[in-house]
Structures are given as C-alpha cells and as structure tokens.
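**Q** Sequence first, then the predicted structure, then my questions.
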There are 2 protein chains.
Amino acid sequence: MKLTSRSEYALLALVYLARHETEDYISAEAIALAQKIPLKFLEQILFALKRAKYLRSSKGQHGGYHLAKPADKIALADIIRLFDGALAPTESVSKYFYESTPIEKEKNLVKVFKGIRDYVSATLETTTIADVV
Amino acid sequence: MKLTSRSEYALLALVYLARHETEDYISAEAIALAQKIPLKFLEQILFALKRAKYLRSSKGQHGGYHLAKPADKIALADIIRLFDGALAPTESVSKYFYESTPIEKEKNLVKVFKGIRDYVSATLETTTIADVV
DNA sequence: ACAATCCCCATCAGTTTAGTAGGATAAGTG
DNA sequence: CACTTATCCTACTAAACTGATGGGGATTGT
C-alpha cells in the first residue's frame, strides 16, 4: 500500500474542494496554498482528475475547479488507483502471489497477502471523500 | 504495502529452509533452483538474512544455510521490514500523514490510513514463517 | 486588449529496483 | 598441500519511477 505524493495531493485537493463545494470554481492556486502543494505539480494532478471525470473546470478569470460528482460517490480507492495503479499489493505481489506461477507451493503465503489486500481494498473502496470531510 | 522482490525472495527462501529444517546446511544454489530465484541475487539476500541473524551458514563443501531461530519466531514483518524498510505505509504516507505537518486538518484521512497500517502491521507481525510452512 | 486561469507536454535530477560480475575467504576432501 | 565447493562482500549497471519544474498555448471574464 504505497501512497505516492500524487495520490496524497489528489486526496487533499478533493477534500478541499468537497469542503468548499457550495462555492464557485476554486483555482489551483487557492488549493495549492491551502494544502501546501507545489502549484505546477498540483496542476498536473487536477488535470488528471478532470480527465478522469472527477472534476469540472472553467478557464479564465474566476475559473478553477469543482467536484464533478458528489463527494460521497468518490471512493479513496478510485483516486489512489488512478495515480498509483493497482491497489494494495503491488505488481510484484499481484504478479507473483496472485497469478499463476511456477511455484504453486506457497499457497499459505499467498493467503496472507490476499487477506491484506482484501482488507485494504475493502477499506479504501468503502471510504469516500465525503467520509473524510 | 509494497513488497519488493527482495522481500518475496527472502520469504520464499526462509520458507524453503524451514521446510527442510531437519536437514543439513542447504546451499544457495539448491534454494535458487527450488524457488526459481536468480542465484547471485539470492546470495545477497541470504547474506543480508545472515547478517541480521536469521540464518546460520557454513562455507565450503557441504556448506550452506540454516535457520538461526525457530521458524515460529520469525515474523513476516521482520523480514519485510529488513528489506523494504518501514511497514505498510511508505515514507510519504508516514511522513505526511503520521508526523507533525503543517496540515493538521485532514485528521480523518490520517485515521483511515492509520487503520490500514495497523491492520497490515498486526497481520504481518503475528504471522510467522512457521505459520506459512 | 488584457489579465487570469486552465491545458498539456517536455524535461530533469535523484532514488529505487532488480539484477550481474568478480574476486576474496573459508572449509572439507583426497 | 592442492583442489573444489561454497559463502562472503563490494561494486556496478540499466531501467523505471518519483517529484517535481518550465514554457507556452488556449479560453474566458472584465
């Protein structure tokens, strides 16, 4: 369960936007200042969130971002998957431990990691931005 | 919870050794063949395990490795920590979410990840090589 | 016209990862 | 003693990933 700063920043940005949902568009700069995220880096992240339909945006003066769906419809898992790829168990784990492999013997090891993955997955899948706000 | 291949290989090697605990020293080559691990890479890993007192070893003909402690005294967490550093939440998560930071507001987010970390930690801490064998 | 703001891609330095290579050292065998 | 087998230990490398930074172009409101 490795969280990159991209994921962290994305979550922080979404939480911020959710908290100011009633207001107008909020600029990247405002978010960057509030959540202490490098502006240009945040821009990339917001753009990705927009492409993935989590945000709406408007250009020009008084432009900015806005949640594109209700905060309780955005699971943490969605966002983390968007930036970090597959959930909890990383490539190595999924490839080695979950897929067919020459070594079928270590079923017990697989079970342990599967249990962890399932827990992490379930937690992040059921927790939404709204829960965090 | 990112598992590097170092950790995976280490676990596989230990499981193999635990399974052959009654026998004499087992060579790196034997483990490499059985668990399909690149020999020279495995050597590094075994050496690290030895340095960390999980293995005893003997050089020369009929040399090899042997568990230095009972398999039920080696937690998966021990090994993963040895190779991957801190458990479940990675640097970014621990630094950002767990340590004092300018943004103290997102306590709820912290809570979610702390819950995950605790679960992962508890699971890996209580599961031993013996449990897997 | 102009300023603010998003859009979008290119680049980059540093770190990590997964492995390879090679030789030094030690132990058992004839 | 010489030889073989194995561990010990360091150094190196290619590729990927991470966390940014930079620079313009496109749009929109005033």
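**A** Cool, got the structure. This one's a predicted model, so the numbers in the text were calculated from it and none came from an experiment. Numbering: from 1, shown residues only, chains lettered A, B, ... in the order given.

**Q** now chain A, which segments are flagged as low pLDDT?
**A** When residues are selected by pLDDT under 70, those of chain A lie in A:1, A:86-105.

**Q** Do you have the strands of it handy? List them.
**A** Along chain A, counting by DSSP state E, strands occupy A:55-58, A:64-67.

**Q** Need the winner for burial among these.
**A** Each of the strands of chain A was given a mean neighbour count from mean count of other Cβ atoms under 10 Å in any protein chain shown, and the largest, a mean of 20, is that of strand A:64-67. Bear in mind the C-beta positions are built from the backbone N, C-alpha and C, glycine included.

**Q** That one and DNA strand C in contact?
**A** Yes - using Cβ under 7 Å from any atom of the strand, strand A:64-67 reaches DNA strand C at A:Gly64, A:Tyr65.

**Q** Among the strands of chain A, which comes closest to A:Glu23?
**A** Each of the strands of chain A has some distance to A:Glu23 by Cβ to Cβ; the shortest is strand A:64-67, at 8.7 Å.

**Q** The closest one packs against which elements?
**A** Packed against strand A:64-67 by the contact rule (3 or more Cβ pairs under 8 Å, 6 or more residues apart in numbering or on different chains; DSSP states H and E) you find helix A:5-19, helix A:28-35, helix A:39-51, strand A:55-58.

**Q** cutoff 7 Å now
**A** The contact analysis (3 or more Cβ pairs under 7 Å, 6 or more residues apart in numbering or on different chains; DSSP states H and E) places strand A:64-67 against helix A:5-19, strand A:55-58.

**Q** Any residue of it touching DNA strand D?
**A** No - with Cβ under 7 Å from any atom of the strand as the criterion, DNA strand D is not reached by strand A:64-67; the gap is at least 10.7 Å.

**Q** for that strand, the distance to its chain's centre please.
**A** Here strand A:64-67 is found 16 Å from its chain centre; the criterion is Cα atoms, centre = their mean, to the nearest Å.

**Q** how much space between A:Gly64 and A:Leu3?
**A** Distance, A:Gly64 to A:Leu3, using Cβ to Cβ, to the nearest Å: 25 Å.

**Q** Quick check, the residue in chain A closest to DNA strand D?
**A** Ranked by Cβ to the nearest atom of the strand, the top residue of chain A for proximity to DNA strand D is A:Gly60, at 2.4 Å.

**Q** center of chain A - which residue?
**A** Nearest to the mean C-alpha position of chain A, by Cα atoms, centre = their mean, lies A:Ile79 at 2.0 Å.

**Q** Tell me if I'm right that that one and A:Leu11 touch.
**A** Yes - contact criterion Cβ atoms under 7 Å: A:Ile79 and A:Leu11 qualify, at 5.8 Å.

**Q** Neighbours of A:Lys69, how many?
**A** 12 (other Cβ atoms under 10 Å in any protein chain shown).

**Q** contacting residues around it?
**A** With contact set as Cβ atoms under 7 Å, 6 or more residues apart in numbering or on different chains, A:Lys69 has these partners: A:Tyr54.

**Q** next one: A:His66
**A** A:Leu17, A:Tyr25, A:Leu55, A:Arg56.

**Q** repeat for A:Ile129
**A** Listed by Cβ under 7 Å, 6+ apart, the contact partners of A:Ile129 are A:Leu14, A:Val15, A:Ala18, A:Ala71, A:Ile74.
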